[in-house]
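S.K.: only the shape, not the letters, is given here:
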DNA sequence: TGAAATGTTGGGGCG
DNA sequence: ACGCCCCAACATTTC
């Protein structure tokens, strides 16, 4: 009897270490054939945006070279996954296909169908958990239902989940006698044709090695002061692991164990709580699969938004006239990422001050973030809009000026992204429209020309949002 | 993972 | 010395 041939279907687990599907395939002891398939059907209405595709290109390039170092390859294919896998298996004489699960509704529906079809064809088809500490269906409330509040979810996870030690990378991956056909990475078309991606390349190193470096650096330099510095957008005090986690260049189990290795007191700490917010997002997406498009709290479907393309565009371009919002939106456009606190502030401003539907903001983030993740993005926007599980109450409206003064007191973050305001002093830079003309002139700022006048008054728009919310509540009652 | 409005308190200036 | 007022500082309530 000849050695088994196992196909490892890579998806959002673009790493060799702690990769359960790859590890299991290697453990079978035969030939291993890694493949990545570009397939539209797994994305549903959520086609990957440009930043995500750019990241994917480089993550795949990195995975390719890691596999080559093991004497293997990464096949690249395009088409419906079932068609590609079936064809590959037939050509290779493969008897098994292993992969790590995805949890987005469209991907999940497709994977279920693929698994059934492969099994019906007599193949061994197995999926594993490669991207979560706990399966979304694993944690349940006393009553057996899904959690809708973070803290009990967090406690339950701490009490019941002991993330296993990360698996080692395989040391050898026996190759097939002849490799099946593969597209080139460039032919996958993930890189932009207009080269707007210089900013991304300047700020990020996608790939498993880049992820490991970032994790190591964060744990060594920033973890200890995380609670204090994570809110300061001018400092690199956050983990910046989100894109690596999304694409699976590092697993949450690896993060969990690295954090706890030299810091046992971090169990139950602020940083791991953030990692568990990610878990909570997947939990919610699994149990409430309609939430990427619709509010979890149904009464919010009747919220009186005032859709306005001009306001949305100004927000997207970082031209609202509110420095902290504009700085965040420009950081996003330039680097494919935005500091977490600034995300909350930009989102609050769009939804509450500009009264634009949260779905419009979610879509823009989806299109521009390198860490665009359906579960986390959905949860984050519904949290901001007050319409999700354990969300901020609607009446919690951030004041971007106050937030800037508190979390960027020297205006360093503002000056980095808004050089046209750099001449204003540390106080004035947070609210240019309040400065007298001579101050503006001395700083070389001409409101309405070199920097926009505010789209709306913060105090009036805040009141309008509270009134709109009151109207919605009255309508629902 | 808020901000603003409103309420309370206590020190100090002053007649 | 005393009452009155002002107001900063802090606490509570409201949205």
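M.R.: Perfect, thanks for sending it. Given the structure is predicted, the values throughout are model-derived calculations rather than measurements. Numbers count the residues shown, from 1 in each chain, chains lettered A, B, ... in the order given.

S.K.: show the pLDDT at the one residue in the stretch 251-400 of chain A that gets nearest to DNA strand C.
M.R.: Closest residue of the stretch 251-400 of chain A to DNA strand C, C-beta to the nearest atom of the strand: residue A:395 (4.0 Å). Bear in mind the C-beta positions are built from the backbone N, C-alpha and C, glycine included. pLDDT for residue A:395: 97.

S.K.: what does residue A:3 give?
M.R.: Listed pLDDT for residue A:3 reads 87.

S.K.: chain neighbours aside, what residue packs nearest to it?
M.R.: Leaving out its chain neighbours, the residue that sits closest to residue A:3 by C-beta to C-beta, 6 or more residues apart in numbering is residue A:30, at 3.5 Å.

S.K.: residues contacting that neighbour?
M.R.: Residues near residue A:30 by C-beta atoms under 8 Å, 6 or more residues apart in numbering: A:2-6, A:174.

S.K.: do the same with residue A:247
M.R.: Residue A:247 sits in contact with A:12, A:14, A:55-56, A:59, A:206, where contact means C-beta under 8 Å, 6+ apart.

S.K.: so who does residue A:416 touch?
M.R.: By C-beta under 8 Å, 6+ apart, the contact set of residue A:416 is A:234, A:327.

S.K.: could you rerun that using 6 Å?
M.R.: Applying C-beta atoms under 6 Å, 6 or more residues apart in numbering to residue A:416 gives no contacts.

S.K.: so which helix or strand takes in it?
M.R.: In the assignment (DSSP states H and E), residue A:416 maps to helix A:412-417.

S.K.: neighbouring contacts of stretch A:148-168?
M.R.: Counting by C-beta under 6 Å, 6+ apart, stretch A:148-168 makes contact with A:18, A:23, A:133-134, A:139, A:147, A:253-254, A:256, A:276, A:280, A:389-390, all of which sit outside it.

S.K.: got the contact list for stretch A:171-182?
M.R.: Among residues not part of stretch A:171-182, those counted as contacts by C-beta under 6 Å, 6+ apart are A:31-33, A:70-73, A:75-76, A:88, A:91-92.

S.K.: which intervals of the stretch 251-400 of chain A have sub-threshold pLDDT?
M.R.: Of all residues in the stretch 251-400 of chain A, none has pLDDT under 70.

S.K.: tell me the residues of it that contact DNA strand B?
M.R.: Selection of the stretch 251-400 of chain A residues close to DNA strand B by C-beta under 7 Å from any atom of the strand yields A:274, A:277, A:340-341, A:344, A:383, A:392, A:395-399.

S.K.: one more time with 10 Å, if that's ok
M.R.: Taking C-beta under 10 Å from any atom of the strand as the criterion, the stretch 251-400 of chain A approaches DNA strand B at residues A:270, A:273-274, A:277, A:280, A:340-341, A:343-345, A:348, A:379-380, A:383-384, A:390-400.

S.K.: hmm, the helix holding residue A:416 in reach of DNA strand B?
M.R.: No. For helix A:412-417, no contact with DNA strand B is found by C-beta under 10 Å from any atom of the strand; the gap never falls below 15.5 Å.

S.K.: counting by contacts, list what the helix or strand following that helix packs against.
M.R.: Sequence order places helix A:437-443 as the next helix or strand after helix A:412-417, per DSSP H and E. With contacts defined as 3 or more C-beta pairs under 6 Å, 6 or more residues apart in numbering; DSSP states H and E, helix A:437-443 has no packing partner among the helices and strands.

S.K.: just how off-centre is the helix or strand following helix A:437-443 within its chain?
M.R.: Heading C-terminal from helix A:437-443, the first helix or strand you meet, by DSSP H and E, is helix A:458-476. Centroid separation for helix A:458-476 versus its chain: 30 Å, with C-alpha atoms, centre = their mean, to the nearest Å.

S.K.: which elements pack onto helix A:458-476?
M.R.: With contacts taken as 3+ C-beta pairs under 6 Å, 6+ apart, helix A:458-476 sits against no other helix or strand.

S.K.: which helix or strand contains the residue of the stretch 251-400 of chain A closest to DNA strand C?
M.R.: Element membership of residue A:395, judged by DSSP H and E, is empty: it is in no helix or strand.

S.K.: number of residues surrounding it?
M.R.: For residue A:395, the tally of surrounding residues (other C-beta atoms under 10 Å) stands at 12.

S.K.: now it. Nearest residue, chain neighbours left out?
M.R.: In this structure, residue A:395 finds its nearest non-sequential neighbour in residue A:466, 6.2 Å apart by C-beta to C-beta, 6+ apart.

S.K.: over to residue A:139?
M.R.: Spatial nearest neighbour of residue A:139, excluding adjacent residues (C-beta to C-beta, 6+ apart): residue A:156 at 5.1 Å.

S.K.: now swap in residue A:472 and tell me
M.R.: Excluding its sequence neighbours, the residue lying closest to residue A:472 (C-beta to C-beta, 6+ apart) is residue A:303, at 4.9 Å.

S.K.: what count of nearby residues applies to that neighbour?
M.R.: Residue A:303 has 22 neighbours, counted by other C-beta under 10 Å.

S.K.: show residues contacting stretch A:32-46.
M.R.: Applying C-beta under 6 Å, 6+ apart, the contact partners of stretch A:32-46 are A:6-10, A:25-26, A:67, A:74-78, A:80-81, A:84, A:92, A:106-107, A:110, A:173, A:176, A:188, A:374.

S.K.: and the strands in chain A?
M.R.: A:5-10, A:31-38, A:75-78, A:96-100, A:124-128 (DSSP state E).

S.K.: closest to DNA strand C out of those?
M.R.: strand A:96-100 (43.0 Å).

S.K.: relative to strand A:124-128, how tilted is that closest one?
M.R.: For strand A:96-100 against strand A:124-128, the angle by axes from the mean of the first three to the mean of the last three C-alpha atoms, to 10 degrees is 10 degrees.

S.K.: please report the distance of the closest residue to residue A:218 other than its chain neighbours from residue A:365.
M.R.: The shortest distance from residue A:218 to any non-neighbouring residue, by C-beta to C-beta, 6+ apart, is to residue A:239 (4.7 Å). Between residue A:239 and residue A:365 the computed distance is 18 Å (C-beta to C-beta, to the nearest Å).

S.K.: could you give the average pLDDT over stretch A:406-413?
M.R.: Mean predicted confidence for stretch A:406-413 is 96.

S.K.: ok, and the closest non-adjacent residue to residue A:433?
M.R.: In space, and not counting its chain neighbours, residue A:433 is closest to residue A:454: 5.3 Å by C-beta to C-beta, 6+ apart.

S.K.: surely the one you found meets residue A:320?
M.R.: No. The criterion here is C-beta atoms under 6 Å, and residue A:454 misses it with residue A:320 at 7.0 Å.

S.K.: between these two, which is the more surrounded one?
M.R.: Comparing residue A:454 with residue A:320 by other C-beta under 10 Å, the one with more neighbours is residue A:320, at 25 against 17.

S.K.: so which residues on chain A come close to DNA strand C?
M.R.: Proximity of chain A to DNA strand C, by C-beta under 10 Å from any atom of the strand, involves residues A:393-397, A:462-463, A:465-467, A:469-470, A:473.

S.K.: burial count for residue A:122?
M.R.: Using other C-beta under 10 Å, residue A:122 is surrounded by 8 other residues.

S.K.: picking that back up, how far off centre is the helix holding residue A:416?
M.R.: Averaging C-alpha positions (C-alpha atoms, centre = their mean) puts helix A:412-417 24 Å from its chain's average.
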